[in-house]
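*Asks:* Sharing a model that was predicted from the sequence below.
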Amino acid sequence: MTGEVDLFSQYRMGDLTLPNRIVMAPMTRNRAGDADVPVLLTVTYYVQRASAGMIITEGSQVSPQGVGYVHTPGIYSAAQVAGWKKIAEAVHQADGRIFIQLWHVGRVSHPDFLGGDLPVAPSALPVEGFVHTPGGKKPIPVPRALKTDEMPDIVRQFRQAAENARAAGFDGVEIHGANGYLLDQFLRSGSNKRTDMYGGSLENRARLPLEVTKAVIEVWGRDRVGYRISPHNNAHSMSDANPLETFSYFTRELNKIGLSYLHLIEPIGGRAGFVPPEARLGPTLRRIFKRTFILNGGYDLQSGSEAISRGEADLIAFGVPFLANPDLPERFRQNEPLNEPDVATFYVGGTKGYTDYPALVPR
């Protein structure tokens with residue numbers, strides 16, 4: 001690539017043309033209504049941000065078993081599908097493109113969400129951390145290990161969610177394989193101590209994530225499915241003995257499948273949890289994965305443009321900047337100051353800190 005390619009360049013992703021290379025990253029906002037149904041206020045939230053090259057929605061649980069947070073939307077019931085359909089239609093009317101992120105939290109949950117049942121995981125290992133349940137903040141309990149014969153049902157949950165996403169009118173789906181949730185738990189050695197065909201060797205640990213990916217592609221086709229990973233995220237007791245080996249192997253397998261994009265979270269630039277240049281996996285995974293490569297993690301206008309122009313990524317995903325700046329692409333284009341995010345309102349209900357951030361005044 002040359003320096004002529006930047007964040008504002010058009011990009012062809014499979015059979016979709018994106019007007020720019022600025023992606024809205026998935027961000028949990030805890031605004032869903034009763035029965036985890038998306039609300040009308042969320043229509044406004046996403047339409048405000050439709051100038052992104054592509055929106056990736058907040059994670060949406062694929063089944064009741066996949067819930068781990070209050071007021072997060074699902075994509076498993078008819079009412080949820082209907083709620084998301086209003087959002088997808090409105091974003092399309094605003095000339096936007098929108099993918100939904102398919103999510104199963106696995107062990108990062110609590111019986112309060114699960115009808116008294118324990119959260120499920122690859123292995124029954126203790127997990128550091130707390131979850132905010134309808135009954136308040138509580139420690140994460142030791143989960144139960146999924147049985148081998150339960151794996152087809154996990155695949156079925158993702159497949160059905162993918163079918164529901166098509167019915168809701170989305171442009172595609174992103175599989176949530178990051179941040180210590182179920183598929184990440186299976187892939188990484190620190191959370192997967194199984195001795196059956198879904199644990200032990202790297203090939204076995206990758207089996208369930210790859211089965212899920214293939215099932216979702218059967219519904220959507222390769223051009224409309226992405227996958228998100230976070231090799232450096234150690235929250236909720238996550239770890240891996242050899243991240244370079246694990247994620248290089250997994251990326252090679254995803255590349256063989258040929259899905260549309262790989263979305264890597266790799267914090268840069270001195271922010272909390274940033275990854276020093278010598279520890280970055282992005283350059284290696286970029287060489288392995290032959291289709292669209294998305295980077296996310298602390299980028300701004302300058303660093304994002306530089307990463308694009310150097311060929312380190314095809315697209316850059318922005319999280320908090322998009323949260324506080326609904327017109328982020330135009331602010332970048334005009335090199336205007338960004339709104340400051342109101343952290344206290346990230347995960348509470350209502351319009352404040354959600355749909356009330358000001359847009360630029362037209363010149």
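*Replies:* Thanks, I have it.

*Asks:* I would like the residues contacting stretch 322-340, please.
*Replies:* Stretch 322-340 is touched from outside by 7-8, 20, 22, 24-25, 27, 48-49, 51-53, 301, 318, 321, 341-342, 346, 357-360, with contacts defined as CB atoms under 8 Å, 6 or more residues apart in numbering. The C-beta positions use only the backbone N, C-alpha and C, and glycine is treated the same way.

*Asks:* With stretch 243-250 instead?
*Replies:* Outside stretch 243-250, the residues touching it (CB under 8 Å, 6+ apart) are 187-189, 202-203, 205-206, 209, 229, 231-232, 240, 281, 284-285, 288.

*Asks:* now it: mean pLDDT?
*Replies:* For stretch 243-250, mean pLDDT is 98.

*Asks:* Kindly supply the ChimeraX command isolating those of the contacts of stretch 322-340 that are buried.
*Replies:* Of the contacts of stretch 322-340, the buried ones go into a single ChimeraX selection, burial set by 16 or more other CB atoms under 10 Å:
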select :7,20,22,24,25,27,48,49,51,52,53,301,318,321,341,357
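
*Asks:* Now, of the contacts of stretch 243-250, which are buried?
*Replies:* 187-189, 202, 205-206, 209, 229, 231-232, 240, 281, 285, 288.

*Asks:* and which of those residues is nearest to Thr57?
*Replies:* Using CB to CB, Ile229 comes nearest to Thr57 of those, at 17.9 Å.

*Asks:* Is that closest one in contact with Leu262, as I believe?
*Replies:* Yes - with contact defined as CB atoms under 8 Å, Ile229 reaches Leu262; the gap is 7.1 Å.

*Asks:* low-confidence ranges in the stretch 201-350 of the chain?
*Replies:* Residue ranges of the stretch 201-350 of the chain with pLDDT under 70: 270-272.

*Asks:* That one: strands as residue ranges?
*Replies:* With DSSP state E, counting those that start in this stretch as the criterion, the stretch 201-350 of the chain has strands at 225-229, 261-265, 292-296, 315-318.

*Asks:* quick one: which of the contacts of stretch 243-250 sit in helices?
*Replies:* 187, 202-203, 205, 209, 284-285, 288 (DSSP state H).

*Asks:* Can you get me a residue count around the nearest residue to His104 once chain neighbours are set aside?
*Replies:* In space, and not counting its chain neighbours, His104 is closest to Gly66: 3.6 Å by CB to CB, 6 or more residues apart in numbering. Around Gly66 there are 30 other residues, counting by other CB atoms under 10 Å.

*Asks:* now Gly66: how far from Asn164?
*Replies:* Noted for Gly66: a distance of 13 Å to Asn164, by CB to CB, to the nearest Å.

*Asks:* tell me, what's touching these two both at once?
*Replies:* Common contact partners of Gly66 and Asn164 (CB under 8 Å, 6+ apart): none.
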